[in-house]
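In: how would this look folded up:
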Amino acid sequence: MRSCATVWHRELICSPIARLAHAKHRAVGPTGTRPCCPVGQPESKRMVATKAITPLQVAIGGAGLVAAIAWVDAMLKSRKPELTYTSTKFNDTVLSCCPTIQSTYKCTPFLTNGHAETILVAKLRKPPGVDYRREVILAKDGGAVAVDWEHFDDQGKDLPADAPILILFPGLTGGSCDAYVQHAVLQARHAGIRAAVFNSRGTANSPVTTPQFYSASFTDDTQEVVAHVRKRYPNSTLFAAGWSLGANILVNYLGEQGSDTPIEAAVSMCNPFNLTISNRHINEGFNKIYNRNLAASLKRIFAKHELVWKGVDGPARPDLVPKCNTIREFDEAITIHSFGWPNVDAYYAGSSSAKHIPNVAIPLLCIQAANDPISPAEAIPYQAIAANSNCVLAVTPSGGHLGWASGPGAPFNHPWTDVAVVEWLSAVHAEIMKRKNSAQSKDENDSDGSSGGSSGGSESLTEKHIAVNAAMQQRVTVTADSKISNGATGMNCSAAAHVRRPGAATMPLVQQQQQQGKQHSSSSVESILRMEQLGWGRSQPQLQQQQHNKPADQQPVVRD
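Out: Numbers count the residues shown, from 1 in each chain. Next up, the predicted model:
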């Protein structure tokens, strides 16, 4: 039988604990009171020193365990979006061309919690970089809104004049410089769709010329923007998409206009729908952090334009704005007075877009996240959407608010909704063109002796739409190669889209109206002159001289 000293000597190189034990054994001695190997004990039961675990090994093991748990959690929560819609030939045909909505929504590990996805994605997803040119549109009440179009130094990269147009409605304090908006602009362009970002009054550094911002139910600016885009591109199919409060405003507009809107299809994302429920939800628990953050953003926008409210008589309380810590407090101080609501509760009840769902008369896709902390699932009008055959609802198992970190490159790349929206709009556009071509063919068959030139023009237009549809059907993912570098010619988002002050030179951009040969209406010129009267851009003599020298087929555009 080997001695204890032999066993300990073999283990010394393996463990610091063994060294300590061996030193203690030698201090006591083989005949001491604490021998490590009592006489008669079998060798198999002798005390053998074990290898110590370092803190680094513990950390690595713990991290691996947490990662495994997060991966399993993401796999268990991944499932297909819950769809609610009326089964019609149109809906079934369109959805059959939308693999993203029909496939499993794959959750990202560590981002299955609504709060984690909302906050982390907002920090991790960076703007891809888009150059814009800006149009400032004067409203009938004297206010102003800004529409930002993607700008190209090389006009050869621009889309055809009759390409479909997607009007984007950002969230409460969002604008064209936000990451989720810029990703949507790029995805639309790669699908053959021209995007226009509608910045509400004061957002994205758009000018504020009257003591009035915007509200959840104010759709006058939306009507003017849609009419302006329609007049600018009369041969294009108009689409619209909105996020959060922008989605609420868009759905309100669609419900008010019914079939009279020139928009032919729309998408609503993370819509609060019922503002009473959503406001109550955002004041509970951890959700209060979003309430304070959004209120702080509203205060920053107001601070840039607070002089507009100076000396204005009325019930509005601009002096209370610096003390507002919630959205409700800001609405009590400013919003309800600007739009004539008796109190905040009446404003929230009357501005909820859920009540306008039954009146929507065009195809509408609503995308919500089941764990959205700002637009809760309990506010979704399931029954109203199911009862309207024009509406389709898709509820993803995860997504947070404006997160939707799923798919290649998540959470740094574009949101999952971008591909889903492009697929759905492409399918809708294809069905719309089928109907238009069918109606056009019927009219041609009914008419006797139609001229050959007229028939040739119709055929040319149809070929263009077919080419656009072919481009739209491609599912494109934004990569680093498709990132647009910021140039000196277009408006740079990193430059904060600053509004020119009185006396600053403004270079109006021109947009060639291809194949239209129409002169810009005098109303747009009058709007620019009105803008100058308010102190923006060039002097009137300069502007009039410039209009006199312009070719008839160019349109003046105000750029700040």
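
In: and Asp148, helix, strand or coil?
Out: strand (DSSP: H, G, I helix; E, B strand; the rest coil).

In: residues in contact with it?
Out: 132-135, 176, 196-197, 199, 204, 491, 497 (CB atoms under 8 Å, 6 or more residues apart in numbering). Placement of C-beta: from N, CA and C, glycine included.

In: likewise for Phe273?
Out: Counting by CB under 8 Å, 6+ apart, the residues that Phe273 touches are 248, 251, 352-354, 375, 379-381.

In: rewinding a little: of the contacts of Asp148, closest to Gln368?
Out: Val197 (22.2 Å; CB to CB).

In: can you show me the strands along the protein?
Out: 82-85, 131-138, 144-150, 165-169, 194-199, 238-243, 263-269, 364-369, 391-396, 491-492, 509-512, 554-557 (DSSP state E).

In: and the contacts of the fourth one?
Out: Yep, that's strand 165-169 we're talking about. Residues contacting strand 165-169 (CB under 8 Å, 6+ apart): 181, 184-185, 188, 193-198, 222, 225-226, 229, 233, 236-243, 246-247, 249-250, 263, 425.

In: what about it, distance to the chain center?
Out: 11 Å (CA atoms, centre = their mean, to the nearest Å).

In: same deal with the second one?
Out: On the basis of CA atoms, centre = their mean, strand 131-138 is displaced by 19 Å from the centre of the chain it belongs to.

In: now for that strand, which elements pack on it?
Out: strand 144-150, helix 220-232, strand 491-492, helix 522-533 (3 or more CB pairs under 8 Å, 6 or more residues apart in numbering; DSSP states H and E).

In: put the alpha carbons of the second one into PDB.
Out: I take that to be helix 220-232. Extracted in PDB, the C-alpha atoms of helix 220-232 (Å, rounded to 0.1, in the frame of the first residue of the first chain):
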ATOM      1  CA  ASP A 220     -56.000  68.500 -41.900                       C
ATOM      2  CA  ASP A 221     -52.300  68.400 -42.500                       C
ATOM      3  CA  THR A 222     -52.600  64.800 -43.700                       C
ATOM      4  CA  GLN A 223     -55.200  65.900 -46.200                       C
ATOM      5  CA  GLU A 224     -53.000  68.600 -47.600                       C
ATOM      6  CA  VAL A 225     -49.900  66.400 -47.800                       C
ATOM      7  CA  VAL A 226     -51.800  63.700 -49.600                       C
ATOM      8  CA  ALA A 227     -53.300  66.100 -52.000                       C
ATOM      9  CA  HIS A 228     -49.900  67.700 -52.700                       C
ATOM     10  CA  VAL A 229     -48.300  64.300 -53.400                       C
ATOM     11  CA  ARG A 230     -51.200  63.300 -55.600                       C
ATOM     12  CA  LYS A 231     -50.900  66.500 -57.600                       C
ATOM     13  CA  ARG A 232     -47.100  66.100 -57.900                       C
END
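
In: that one to strand 194-199, inter-axis angle?
Out: Inter-element angle recorded for helix 220-232 and strand 194-199: 150 degrees (by axes from the mean of the first three to the mean of the last three CA atoms, to 10 degrees).

In: so who does Val267 touch?
Out: 239-242, 364-367, 421, 424-425 are the contacts of Val267 under CB under 8 Å, 6+ apart.

In: out of the strands of the chain, which gets the lowest mean score?
Out: Comparing mean pLDDT across those, the lowest value falls on strand 509-512: a mean of 32.

In: follow-up on the earlier one: so which of the contacts of Phe273 belong to helices?
Out: 248, 251 (DSSP state H).

In: who wins for neighbours among the contacts of Phe273?
Out: Among the contacts of Phe273, Asn248 has the most neighbours (other CB atoms under 10 Å), with 31 neighbours.

In: lowest average confidence across the helices and strands packed on strand 131-138, which one?
Out: helix 522-533 (a mean of 35).

In: tell me, how many residues neighbour the nearest residue to Pro164 once chain neighbours are set aside?
Out: Leaving aside its sequence neighbours, Pro164 sits nearest to Thr237 (CB to CB, 6 or more residues apart in numbering; 4.4 Å). Per other CB under 10 Å, the neighbour tally for Thr237 reads 23.

In: please apply the same query to Lys442.
Out: Neighbour tally, Lys442, other CB under 10 Å: 10.

In: residue contacts, it?
Out: So Lys442 contacts nothing (CB under 8 Å, 6+ apart).

In: on that earlier part again, turn the contacts of Val267 into TSV, columns for distance to Gly400 and neighbour count.
Out: Shown next, in TSV, are the contacts of Val267 (distance: CB to CB, whole Å; neighbours: other CB atoms under 10 Å):
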residue	distance to Gly400	neighbour count
Phe239	25	27
Ala240	23	31
Ala241	18	26
Gly242	17	26
Leu364	22	23
Leu365	19	25
Cys366	17	26
Ile367	13	27
Val421	17	26
Trp424	21	26
Leu425	23	28
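
In: adding distance to Ile289, write the residues you listed out as TSV.
Out: Listed next are those as TSV, based on distance: CB to CB, whole Å:
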residue	distance to Ile289
Phe239	34
Ala240	31
Ala241	27
Gly242	24
Leu364	31
Leu365	30
Cys366	26
Ile367	24
Val421	28
Trp424	33
Leu425	34
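
In: between these, which sits nearest Ser389?
Out: Leu364 (10.6 Å).

In: give me the beta-bridge partners of that closest one?
Out: Judged by DSSP bridges, the bridge partners of Leu364 are Ala266, Cys391.

In: was I right about it contacting Ser268?
Out: Yes - using CB atoms under 8 Å, Leu364 makes contact with Ser268 at a distance of 6.5 Å.

In: list the residues that contact both of those two?
Out: Shared contacts of Leu364 and Ser268, counting by CB under 8 Å, 6+ apart, come down to Val251.
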